[in-house]
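Undergrad: need coordinates for the following:
(one chain, ligands or ions: 1)
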Amino acid sequence: MQLGLKDKIALVTGGSYGIGRAIALALADEGCRVAICARGTGQLETTAAEIRARNVPTLAIPADATLAESARRVVDTVVQEWGGLQILINNVGGGGGREARAVEDVPEEKWVETYQRNALTAQRFTLQAIPHLRRAKWGRVVAIASVKGKEGGGRPWYTMAKSAEISLMKTLALNAELVRSGITFNSIAPGRVMFDGNGWDQFRREDPERFAQTLNQRLPLGRDGTPEEVAAVVAFVCSERASLLNGACIAVDGGESYSF
Ligand SMILES: NC(=O)c1ccc[n+]([C@@H]2O[C@H](COP(=O)([O-])OP(=O)(O)OC[C@H]3O[C@@H](n4cnc5c(N)ncnc54)[C@H](OP(=O)(O)O)[C@@H]3O)[C@@H](O)[C@H]2O)c1
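TA: Have a look, this model is predicted:
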C-alpha cells in the first residue's frame, strides 16, 4: 500500500527511544523528513543517525518537552529549518511511577506532574503546530495515549491524563473549520509495550515468575507488544490513506483491553 508520506515534514516528541523512536523510523521509512526531540542528547543523536541512514533529512532537537516554552521553540526550529510542519506525534508522556500509598495519600504534585507531562505537553505542541498544518492545508496530529486512558483502570493520575489527551484529539476532530482544512486528529492507545530498559523489562528481570504469570493471565497473545507494532499503525494513521480517520482512538494492544 502506498502511504503517500514521501517528503512530508514530521515531528515526534520523545523520539529518541522506545515507541517514539520506532515511530520516527517508520515515518522515515515512508520518506518523511523527521524531527525528534528529547532531553538526553546521546540517544537523540543515535536515533537521528538511524533516520539519516534512511536517506531522509532529520533534526535532533534537545528539549524537555514538558517545559512551557519548549513547544514553541521546538516547532519553530522545525519550521525555520524546513519551511513547515505537517505531522505531529505527541508521544512524550508516562505514568508517574507506581505507588504503595493509598490513593488519597498520593501527593498532588504527582497528579499535576503526570497531567503536565501527558495532557498539557500534547496540548501545547498541538496548538503550536496547528497554524503550520493549516498553512499546509494538510495535517496529521496523533497522540500516543494508552488503553488505560481509553477504558479506565491502572494508576488514576496516569489514566486521567491519558483520557485528557484522547479527549483533546476528539474535540479538535469535531472542529469543522480545522478538519475541513485537511487536518485530522487521532489517538493511539497502546497496551503493554516492551523494549530494553523500560519498566516492563525491569519487571521481567526483577520477578520473572510473576512477569510470566501476568503475560499469561492478562494478555490474550501471551506477550507484550513491540514499539514497531505500534509505529506501523501510527504510520498508517498519518498517511493519505487514512483521510477518513478523524477523532478515533485506536487500541493497539493485542486484545488486552475490554472495551470495543
Ligand atoms: N511502554 C508502554 O507500555 C506504553 C503503554 C501505553 C502507552 N505508552 C505511552 O507511550 C509514550 C512513549 O512511551 P515509551 O514507553 O516509549 O517510553 P518513555 O520512557 O515514556 O518515552 C521515551 C521517549 O520520550 C523521551 N522523553 C521522556 N520525557 C521527556 C521530556 N520531558 N521531554 C522530552 N522528551 C522526553 C525520552 O527521551 P529522554 O528521556 O532522553 O528525554 C524518549 O525519547 C508515552 O506517552 C507513554 O505514556 C507506553
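Undergrad: CA only for contacts and neighbour counts going forward, please
TA: Noted.
Undergrad: ok, Ala102 - how many residues close by?
TA: When neighbours are counted by other Cα atoms under 10 Å, Ala102 registers 7.
Undergrad: do the one 10 residues further on as well
TA: Neighbourhood size, Val112 [other Cα under 10 Å]: 14.
Undergrad: do you know the pLDDT at it?
TA: In this model, Val112 is scored at 97, pLDDT.
Undergrad: pull the contacting residues for it.
TA: With contacts defined as Cα atoms under 8 Å, 6 or more residues apart in numbering, Val112 is in contact with no residue.
Undergrad: same check, this time on Leu44
TA: Counting by Cα under 8 Å, 6+ apart, Leu44 makes contact with 15-17, 36-38, 60-62.
Undergrad: so for it, what's the pLDDT?
TA: With respect to pLDDT, Leu44 scores 98.
Undergrad: next: Gly97.
TA: In this model, Gly97 is scored at 80, pLDDT.
Undergrad: contacts for the longest helix belonging to the chain, please.
TA: Of all the elements of type helix in the chain, the one with the most residues (DSSP state H) is helix 156-173. With Cα under 8 Å, 6+ apart as the contact definition, helix 156-173 has outside contacts at 94-96, 110-111, 114-115, 118-119, 122-123, 141-143, 145-146, 148-150, 152-153, 178-179, 184-187, 246-249.
Undergrad: what residues sit buried inside that helix?
TA: By neighbour count, and taking 16 or more other Cα atoms under 10 Å as the criterion, the buried residues in helix 156-173 are 157-170, 172-173.
Undergrad: that one: what's the following helix or strand?
TA: Helices and strands here follow DSSP states H and E; after helix 156-173, the next one along the chain is helix 176-179.
Undergrad: what mean pLDDT does that following helix have?
TA: The model assigns helix 176-179 a mean pLDDT of 96.
Undergrad: work out the gap between that helix and the centre of the chain.
TA: Computed by Cα atoms, centre = their mean, to the nearest Å, the separation of helix 176-179 from the middle of its chain amounts to 22 Å.
Undergrad: now do the buried residues in that helix.
TA: Residues of helix 176-179 classed as buried: 178-179 (neighbour count, 16+ other Cα under 10 Å).
Undergrad: ok, then the element right after that helix?
TA: strand 183-190.
Undergrad: hang on, Leu88 is in a helix, isn't it?
TA: No: secondary structure of Leu88 (DSSP: H, G, I helix; E, B strand; the rest coil): strand, not part of a helix.
Undergrad: alright, that wraps it up for me.
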